[in-house]
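1. Everything below, folded, please.
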Amino acid sequence: MSNRSLAAEELRTARLSLRRPTEADIDAIFEIHSDARTCLHNPSDALAQRDEAVALYQRWNAQWERDG
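-> Next comes the predicted model:
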């Protein structure tokens, strides 16, 4: 893996801006994953409480730290 900071990387397309999630995104993670329409085809991704969004972010962040 290169030495450059992955946290600063962002991928932009005409419709999307993709970057590593931060703690500041936890409320957005909860808002998205608590919407039944978002999880219609993958109900196991549904969140019912904000603390589940915190735990999800922590898992994502740990994986990002480990694997980039």
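2. How much space separates Thr22 from His41?
-> Thr22 is 27 Å from His41, where distance means C-beta to C-beta, to the nearest Å. (Glycine included, C-beta is placed from N, CA and C.)
3. Looking at these two, which one has more neighbours?
-> Set side by side, Thr22 and His41 show more neighbours around Thr22, with 10 against 7, by other C-beta atoms under 10 Å.
4. Helix or strand: which one has the residue nearest to Arg12 when sequence neighbours are not counted?
-> Leaving aside its chain neighbours, Arg12 sits nearest to Leu18 (7.6 Å; criterion: C-beta to C-beta, 6 or more residues apart in numbering). Leu18 is part of strand 17-19, with elements assigned from DSSP states H and E.
5. ok so Ala36 is a helix residue?
-> No. Going by DSSP: H, G, I helix; E, B strand; the rest coil, the assignment for Ala36 is coil, not a helix.
6. How many residues are close by it?
-> Neighbour tally, Ala36, other C-beta under 10 Å: 8.
7. likewise Leu47?
-> Leu47 has 20 nearby residues by other C-beta under 10 Å.
8. Excluding sequence neighbours, find me the nearest residue to it.
-> His33 (4.1 Å).
9. show me the contacts for the one you found.
-> Cys39, Asp45, Ala46, Leu47, Glu52, Ala53, Leu56 (C-beta atoms under 8 Å, 6 or more residues apart in numbering).
10. Give me the buried entries from these.
-> With burial judged by 16 or more other C-beta atoms under 10 Å, the buried subset of the contacts of His33 is Leu47, Ala53, Leu56.
11. just to revisit the earlier point, partner strands of the strand holding Leu18, with direction?
-> Strand 17-19 has the following strand partners under DSSP bridges: strand 10-12 (antiparallel).
12. chain center to the partner strand: distance?
-> 15 Å (C-alpha atoms, centre = their mean, to the nearest Å).
13. from now on call the first residue 892
-> Noted, 892 is the first residue going forward, which turns the last one into strand 901-903.
14. hmm, who's touching it?
-> Contacts of strand 901-903 (C-beta under 8 Å, 6+ apart): Ser908, Leu909, Arg910.
15. Out of these, grab the one that's most surrounded.
-> Arg910 leads the contacts of strand 901-903 on contacts (other C-beta under 10 Å) with 13 neighbours.
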